[in-house]
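S.K.: I need the structure of the sequence given here:
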Amino acid sequence: MDLTDRLRSVVRPAQAPSPGAATPRRELTYEPDDGYRHEAQLDLDRVADLLGGRVLTNSFGRCLAVDRRYEADRWHGDVQVGDCELNDFTALKLLDGGLEGALPFERRAVFIDLETTGLSGGAGTVAFLVGCGYFDLGAFQVRQFLLTSYSAERALLAAAAELFGEADLIVTYNGKTFDVPMMETRWAFHRMRAPLDDMPHFDMLHPARRLWRTRSVLPDDGGCRLTTLERVLLNLRRVGDVDGFEIPGRFFHFLRTADPRPLEPVLEHNRLDLVSLAAVTSRALRLAAAGEAGCRDGVEALALGRVLERGGALDRAAACYRRASEAACIHTRAEALYRLGLRCRREARFEDAAGWWRALVEATDVPVRQRDRALISLRQFAIEALAIHHEHRARDLLAARELALFALEEETASPRANGMRHRLARLDRKLAGKQNAQLFQ
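M.R.: The predicted structure is shown next:
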């Protein structure tokens, strides 16, 4: 008998087994759900009726599932639900190169969002609501698994694992850091197989930061939260939404009182998160597929160009940069010109690169008080690149010397200025040698 069997043998069944029957063993990680672990007896069927759900029964017990269906013609902000289905696998791989080889799908993509008893993680934190969404015949089907007692967690995890078993891809928002590790911890805690181990995973948070970080900074400092992107991209305003910090307290209140009514706003909050996740993800896919033509402005074009360049779509990235080079924002124009010049230089199109460097110097020719560290750095880079071009490519030493002097006039204390002084000294030696050679001819 190994240690596990010895520990299991310590726990005896509540009732004596029938003659000849195998002795049942109770798992040490939970207590049986006797319906009396609350101040008032928990009537699971009544809870299901009040929340509009149904009771699921499996080999581990009973749990509650709440289903809602959002038809294709239903509006979610400025978009319709039917337009949010994921079907452009090429664009998906552009947004996340780690999905290469895992697409296309044969079954479905499942969107996941959890509500937990805390954000600290660890064995004491439980996902009491597992929200899952997927598209079915154009409509968005949401299924939420609600934990009605700690002893029912195994039943909930088993029911969720069954749904995940029908998926080819999971989509989350910050799920690689929080949601998936949380679920894996709970499955491991109960010694259950984790169905998400080998599942392709698309975390929308990281593409969202690359695409919309600057756009999504609102007066309330919403950053790249999903609710912020709702307002910016979908023109969606939630009314009566429960605050995130209230959610764990509502669940604990339910455990103490068996009153499920305070949980209804939590369920609705979770459903809105799932629909918004699908809408924001589809917006990112359409943007990646359309390229420059799908961008709202130069700021978005610059961000998309970075994403496309990262994914290897260099020509489409260059088109985005060209549009961004005409933006009203000086920082957007400067970075776009910088990236266009870099690409031309990598492709040995040195004259074209020099043209972009000149445009960058002109674009940043603003009063010194309006130049921040980023603009100064780009401007110095462009001037130095032009000096290199005239010295080594165009063989115009006088122009290279003028550029070196110009750079030193603007910046005298940076490490780049020291390099420019060495360049200026070298150019002076070259010019002196050239003059001496002409004297002896």
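S.K.: For the rest of this, base every contact and every neighbour count on C-alpha atoms.
M.R.: Fine.
S.K.: could you say which helix or strand contains Leu337?
M.R.: Following DSSP states H and E, one finds Leu337 within helix 330-346.
S.K.: Show the average pLDDT along the following helix or strand past that helix.
M.R.: Going down the chain from helix 330-346, the next helix or strand is helix 350-363, by DSSP H and E. Helix 350-363 carries an average pLDDT of 95.
S.K.: Tell me the helices and strands packed up against whichever helix or strand comes after helix 350-363.
M.R.: Next in sequence after helix 350-363, counting helices and strands by DSSP H and E, comes helix 373-388. Here helix 373-388 touches helix 330-346, helix 350-363, helix 397-410, going by 3 or more CA pairs under 8 Å, 6 or more residues apart in numbering; DSSP states H and E.
S.K.: Format those helices as JSON lines; extra columns: mean neighbour count and distance to Glu268.
M.R.: JSON lines is the format used below for the helices and strands packed on helix 373-388 (neighbours: other CA atoms under 10 Å; distance: least, CA to CA, whole Å):
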{"stretch": "helix 330-346", "mean neighbour count": "21", "distance to Glu268": "39"}
{"stretch": "helix 350-363", "mean neighbour count": "20", "distance to Glu268": "49"}
{"stretch": "helix 397-410", "mean neighbour count": "18", "distance to Glu268": "58"}
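S.K.: Using a markdown table, lay out those helices together with distance to Val66.
M.R.: Below are these laid out as a markdown table (distance: least, CA to CA, whole Å):
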| stretch | distance to Val66 |
| --- | --- |
| helix 330-346 | 46 |
| helix 350-363 | 57 |
| helix 397-410 | 65 |
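S.K.: Show me how the protein divides into domains.
M.R.: 42-287, 325-439 (automatic domain parsing).
S.K.: For the last one, what is the distance to the chain centroid?
M.R.: This points to domain 325-439. Put simply, domain 325-439 sits 37 Å off its chain's centre (CA atoms, centre = their mean, to the nearest Å).
S.K.: go on, the first one?
M.R.: Going by CA atoms, centre = their mean, the spacing between the C-alpha centre of domain 42-287 and its chain's C-alpha centre is 14 Å.
S.K.: Any idea how far apart the tips of that domain sit?
M.R.: One end of domain 42-287 sits 49 Å from the other (CA to CA, to the nearest Å).
S.K.: Please apply the same query to stretch 46-55.
M.R.: Taking CA to CA as the criterion, the two ends of stretch 46-55 lie 10 Å apart.
S.K.: The chain should start at 108 in everything you say after this.
M.R.: Got it, the first residue is 108 from now on, which makes the last one we talked about stretch 153-162.
S.K.: Enumerate the positions of that stretch that are buried.
M.R.: Within stretch 153-162, the residues that count as buried by 16 or more other CA atoms under 10 Å are Val154, Ala155, Leu158, Gly160, Arg161.
S.K.: Can you tell me the closest non-neighbouring residue to the third one?
M.R.: It refers to Leu158. Glu371 (6.6 Å; CA to CA, 6 or more residues apart in numbering).
S.K.: What distance do you get for that neighbour to Gln487?
M.R.: Glu371 is 58 Å from Gln487, by CA to CA.
S.K.: higher neighbour count, the two?
M.R.: Gln487 (20 against 15; other CA atoms under 10 Å).
S.K.: where's that one relative to Ala434, distance?
M.R.: 21 Å.
S.K.: Kindly report the same for Asn377.
M.R.: 38 Å.
S.K.: Which of the two has more residues huddled nearby?
M.R.: Using other CA under 10 Å as the criterion, Asn377 and Ala434 rank with Asn377 on top: 23 against 19.
S.K.: part of a helix, is the more buried one?
M.R.: Yes: Asn377 forms part of a helix when assessed by DSSP: H, G, I helix; E, B strand; the rest coil.
S.K.: got the contact list for it?
M.R.: Applying CA atoms under 8 Å, 6 or more residues apart in numbering, we find Asn377 in contact with Asp220, Leu221, Glu222, Gly238.
S.K.: same check, this time on Leu199
M.R.: Leu206, Leu392.
S.K.: ok, and for the helix or strand where it lies, which residues are buried?
M.R.: Using DSSP H and E, Leu199 maps to helix 196-202. Buried residues in helix 196-202, defined by neighbour count with 16+ other CA under 10 Å: Phe196, Ala198, Leu199, Lys200, Leu201, Leu202.
S.K.: Which parts of the chain are strands?
M.R.: 161-165, 168-177, 182-183, 186-187, 216-223, 234-243, 246-253, 276-279, 308-310 (DSSP state E).
S.K.: which residues touch the fourth one?
M.R.: What that stands for is strand 186-187. Contacts for strand 186-187 (CA under 8 Å, 6+ apart): Ala179, Asp180, Arg181, Leu341, Ala386.
S.K.: swap in the second one?
M.R.: Outside of strand 168-177, the residues within contact range by CA under 8 Å, 6+ apart are 151, 155, 158-164, 188, 246-255, 259-263.
S.K.: which of those residues count as buried?
M.R.: 151, 155, 158, 160-161, 188, 246-255, 259-263.
S.K.: so how far is stretch 407-421 from its chain's centroid?
M.R.: 16 Å.
S.K.: average pLDDT for that stretch?
M.R.: On average, stretch 407-421 scores 94.
S.K.: Would you mark the buried spots in it?
M.R.: Here stretch 407-421 shows Glu407, Ala408, Leu409, Ala410, Leu411, Gly412, Arg413, Val414, Leu415, Glu416, Gly418, Leu421 as buried, counting by 16+ other CA under 10 Å.
S.K.: got the contact list for the closest residue to the second one other than its chain neighbours?
M.R.: The shortest distance from Ala408 to any residue other than its chain neighbours is 5.0 Å, reached at Cys427 (CA to CA, 6+ apart). For Cys427, the residues meeting the contact criterion (CA under 8 Å, 6+ apart) are Gly398, Glu399, Ala408, Leu409, Leu411, Gly412.
S.K.: got the contact list for stretch 337-350?
M.R.: Contacts of stretch 337-350 (CA under 8 Å, 6+ apart): His183, Gly184, Asp185, Val186, Arg322, Ser323, Pro372, Val373, His376, Ser383, Ala386, Val387.
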